[in-house]
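*Asks:* attaching a predicted model along with its sequence, questions to come.
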Amino acid sequence: MRFTEEHEALRRTTRQFVEQDVNPFVDAWEEAGRFPAHQVFKKMGDLGLLGICKPEVDGGSGLDYSYNMVVVEELGRISCGGIPMAIGVQTDMATPAIARFGSPELRAKFLRPAIAGDMVASIAVSEVHAGSDVAAIKTRAVKDGDDYVINGSKMWITNSLQADFFCLLANTSDEGPYNNKSLIIVPSKTPGISFSKPIDKLGQRSSDTAQVFFDDVRVPQSNVIGGENMGFMMQMMQFQEERIFCAASALGGLTKCVELTTDYARSRMIYGKPLLDQQVVHYRLAELQTEIECLRGLVHSVCEQHIAGDNVTMLASMAKLKAGRLMREVTDSCLQYWGGQGFTWDNPIARAYRDGRLASIGGGADEVMLGIICKLNGTLPGKKR
């Protein structure tokens, strides 16, 4: 993929934002267990980084996804995984369906403020018993007059404790599991919404994550995105951009891991010479860089086909699968070369090791990605191509 000067200008803007407005504060935010989402998102909104692909009429830039991909890759260079993920929820998980299918009223009330950084968005799909198996959700929205009354709970909800609204997936009919769901915008201050304590996670510490409970929560039926019972289809579309985001952001983080490790190995002396001089070390780092570039080529291919309007379900699943596997492989290999330093909590590679583990679980586990790939390329047992 060839990038224009406009792409590179956007890359420079994003990298400057990361280096000046985020990375100097990451350690404190990790320690606190939360980053100030409204403050950070407002800065991003002012820079035009939250609506790259969103319509200009709604305050976005109206650019194609390649520009978003450039921004996402640079966000991957943030010194933790929680903040890029929280941003991705805002841009690529909770708002694409509103931008494509939402009414003018919904876009004006929720999408425009999200693009400006004046509102924090959250996607509420997963439940305790239904993570990757979206069809199994039990949260229900029942019509009462002009409203929906919502009951249920959502688990592992990113941005939940700072969100201004949720893009909620709920059952709205008794049809089959793929035809009975709707995406509904639910303001977070609506009576009947409550939260668990923040979940004490292995990694992604600065991203606030909690369980959200909906007890007789009443919202207007006009808050449904698109049409009633179209939610499963729209959520599957949102998942594709989520998976592209995960793979693209991994590129920045993986590259930074290798860069930091190379610098450390160059300065660390062992047996009278730099660790980097050991052939086993610089050969391994070269292998890891090669794997990262292979992922980059796949991500760029997915992006080009997505822009062209092709169905990228299989390639996006492949990219997400490969990104998750590489987050484990690269961070593990790099951590080894830091020795005892790598086994300390505040070490940057140790943090990447913890944070990156989620990539093979969240947004569809590796096994789910493999199932999708097998289904679409005809390699399921008993299936003919």
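*Replies:* Nice, thanks for sending it over. Numbers count the residues shown, from 1 in each chain.

*Asks:* helices of this structure, residue ranges please.
*Replies:* 5-17, 26-32, 37-47, 65-75, 82-88, 96-101, 104-106, 112-116, 231-267, 279-307, 313-337, 348-356, 366-377 (DSSP state H).

*Asks:* closest to residue 142 out of these?
*Replies:* With CB to CB as the criterion, residue 142 lies closest to helix 231-267 of those, at 14.9 Å. In short, each C-beta sits where N, CA and C put it, glycine included.

*Asks:* for the residue nearest to residue 81 when sequence neighbours are not counted, give me its contacts.
*Replies:* Spatial nearest neighbour of residue 81, chain neighbours left out: residue 355 (2.9 Å); criterion: CB to CB, 6 or more residues apart in numbering. Contacts here follow CB atoms under 8 Å, 6 or more residues apart in numbering; on that basis residue 355 touches 80-82, 203-204.

*Asks:* for residue 126, state which of the residues you listed is nearest.
*Replies:* Out of the contacts of residue 355, the member with the shortest distance to residue 126 (by CB to CB) is residue 204, at 14.6 Å.

*Asks:* look up phi and psi at that closest one.
*Replies:* Torsion angles at residue 204 (phi, psi; degrees, to the nearest 10) stand at phi 50, psi 40.

*Asks:* list the residues that contact the nearest residue to it once chain neighbours are set aside.
*Replies:* Of all residues not flanking residue 204 in the chain, residue 82 sits nearest, at 4.0 Å (CB to CB, 6+ apart). In this structure, residue 82 makes contact with 30, 35, 203-207, 355, judged by CB under 8 Å, 6+ apart.

*Asks:* out of the residues you listed, what pair is the most spread apart?
*Replies:* Taking CB to CB as the measure, those have their most distant pair in 35 and 203, spaced 14.1 Å apart.

*Asks:* between those two, which is the more surrounded one?
*Replies:* Neighbour tally, residue 35 and residue 203, criterion other CB atoms under 10 Å: the higher count belongs to residue 35, 24 against 19.

*Asks:* that one - nearest residue in space that isn't next to it in sequence?
*Replies:* Closest to residue 35 by CB to CB, 6+ apart is residue 29, at 4.0 Å.

*Asks:* got it, and residue 156?
*Replies:* Per CB to CB, 6+ apart, closest to residue 156 is residue 126, 5.0 Å.

*Asks:* and the one you found, how many neighbours?
*Replies:* Residue 126 is flanked by 21 other residues according to other CB under 10 Å.

*Asks:* and for the one 3 residues further on?
*Replies:* One way to gauge burial is a neighbour count; for residue 129, by other CB under 10 Å, it gives 10.

*Asks:* distance between the ends of stretch 41-58?
*Replies:* End-to-end span of stretch 41-58 (CA to CA, to the nearest Å): 17 Å.

*Asks:* pull the distance from that stretch to the chain's centre.
*Replies:* Here stretch 41-58 is found 17 Å from its chain centre; the criterion is CA atoms, centre = their mean, to the nearest Å.

*Asks:* and that stretch, what's buried?
*Replies:* 41-45, 47-55, 58 (16 or more other CB atoms under 10 Å).

*Asks:* what's the farthest-apart pair in these?
*Replies:* 43 and 55, at 22.2 Å, using CB to CB across the buried residues of stretch 41-58.

*Asks:* which one is residue 168 nearest to, not counting chain neighbours?
*Replies:* residue 124 (4.4 Å).

*Asks:* can you check residue 296 too?
*Replies:* Using CB to CB, 6+ apart, the closest residue to residue 296 is residue 251 (5.6 Å).

*Asks:* swap in residue 116?
*Replies:* Residue 116 sits nearest to residue 45 (CB to CB, 6+ apart), 4.4 Å away.

*Asks:* residues contacting residue 227?
*Replies:* By CB under 8 Å, 6+ apart, the contact list for residue 227 is empty.

*Asks:* whoops, I mixed them up, residue 56
*Replies:* residue 62.

*Asks:* and the gap between it and residue 96?
*Replies:* From residue 56 across to residue 96, the span is 16 Å (CB to CB, to the nearest Å).

*Asks:* then residue 122?
*Replies:* 14 Å.

*Asks:* check residue 241 too.
*Replies:* Look at residue 241 and residue 96: by CB to CB, they are 5 Å apart.

*Asks:* residues shared between the contacts of these two?
*Replies:* By CB under 8 Å, 6+ apart, no residue touches both residue 241 and residue 96.

*Asks:* residue 157 bridge partners, please.
*Replies:* For residue 157, the beta-bridge partners are residue 210 (DSSP bridges).

*Asks:* re the thing from before, now, among the contacts of residue 82, which is nearest to residue 322?
*Replies:* Nearest to residue 322 among the contacts of residue 82, with distances taken as CB to CB, is residue 355, at 17.5 Å.
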